[in-house]
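predicted model follows, preceded by the sequence.
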Amino acid sequence: MTRIHVPEPLAVDARFALPEAAARHVAQVLRMRQGELLTLFNGAGGEYDAVIEAVDRRTVQVRVENYREVERESGLSVTLAQCVSKGERMDYTIQKAVELGVAAIVPLLSARSVVKLDSERWEKKLEHWRGVVVSACEQSGRTALPHVQPVRKLDAWLAAAGQGPRFVFAPGGHHALKQLPPAQAATLLVGPEGGLSDEEIALAVHRGFTAIGLGPRVLRTETAGVAALAALQALWGDLG
């Protein structure tokens, strides 16, 4: 069933118009009609069955029929600190991380980051990434939206990084995830296209991060975080 995120309180028997973008998708892309069913969620947990009561090109009116308490969130809370990559690479990483159950995403700027924008364009980029998160949640069945934090410089973020298991992806790292004790939460730091510099990896280790490797092959930035997250979910979470 088609799932739609509605960023407002939901209740059984409520009647309302879907947000503009969602209405356009339902009416013009999916070509759904009066009487067809939707699944709605607002990120607060659970989901709602709703029926389309009226539809035209720009407006879709729905009525909420019932609530279902479903739980598809992982018991492993992973924060992915991903140095920003270009264009669709970053979109891909965010989309797949959401599908794999990531709890939060921190976009970072490091010494080798190639994306350079002014503050206004960073705000637009942030809104775009949050839209990617919403779409991935709709597709994957998630009922909670992972938070995408504002873009920060790597050194400033490292200075404020919290406690708990923290890993930095470093090709040739001497530690493997399967050798580490299981945990219920973790932070994973991944570099940009050119990787993190030796100084940045050393700084992360100084701040309490463990340098890990992901096998003998070199992974691209858009692959590394997704692969590490999948490995963490398989070892400590709900994958497999």
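Thanks, I have it.

quick one: the strands in the chain?
For the chain, strands defined by DSSP state E occupy the ranges 3-5, 15-17, 37-41, 47-55, 60-68, 77-83, 104-109, 147-148, 152-153, 166-169, 185-190, 210-212.

pop the domain breakdown of this protein in here.
Domain ranges of the chain: 3-68, 77-236, per automatic domain parsing.

out of those domains, which one sits most buried?
Among the domains of the chain, the stretch with the highest mean neighbour count (mean count of other C-beta atoms under 10 Å) is domain 77-236, at a mean of 18. All C-beta atoms are positioned from the backbone trio N, CA, C, and that covers glycine.

could you pull out the helices for this structure?
Using DSSP state H, the helices of the chain run over residues 20-24, 88-99, 119-140, 154-160, 198-206, 221-236.

packing partners of the fourth one?
Think helix 154-160. Helices and strands touching helix 154-160, by 3 or more C-beta pairs under 8 Å, 6 or more residues apart in numbering; DSSP states H and E, are strand 104-109, helix 198-206.

average model confidence for it?
Helix 154-160 carries an average pLDDT of 95.

possible to save the helices of the chain as TSV with distance to Glu65?
TSV is the format used below for the helices of the chain (distance: least, C-beta to C-beta, whole Å):
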stretch	distance to Glu65
helix 20-24	18
helix 88-99	27
helix 119-140	19
helix 154-160	44
helix 198-206	50
helix 221-236	33
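
for the ones you listed, which one sits closest to His174?
Nearest of the helices of the chain to His174, taken as C-beta to C-beta: helix 198-206 at 10.9 Å.

what angle separates the closest one from strand 185-190?
Put simply, helix 198-206 runs at 170 degrees to strand 185-190, going by axes from the mean of the first three to the mean of the last three C-alpha atoms, to 10 degrees.

relative to strand 77-83, how tilted is helix 198-206?
160 degrees.

double-check Val70 against Glu47; I have them as touching.
Yes. Using C-beta atoms under 8 Å, Val70 is in contact with Glu47, at 5.9 Å.

common neighbours of the two, please.
Thr143 (C-beta atoms under 8 Å, 6 or more residues apart in numbering).

mind listing what Thr187 touches?
By C-beta under 8 Å, 6+ apart, the neighbours of Thr187 are Val78, Thr79, Ala81, Ala161, Gly162, Gly164, Pro165, Arg166, Phe167, Phe209.

and if you look at Ile105?
Ile105 is in contact with Thr79, Leu80, Gln82, Ile94, Ala97, Trp129, Val133, Pro146, His147, Val148, Gln149, counting by C-beta under 8 Å, 6+ apart.

having no further points to raise, I will conclude here.
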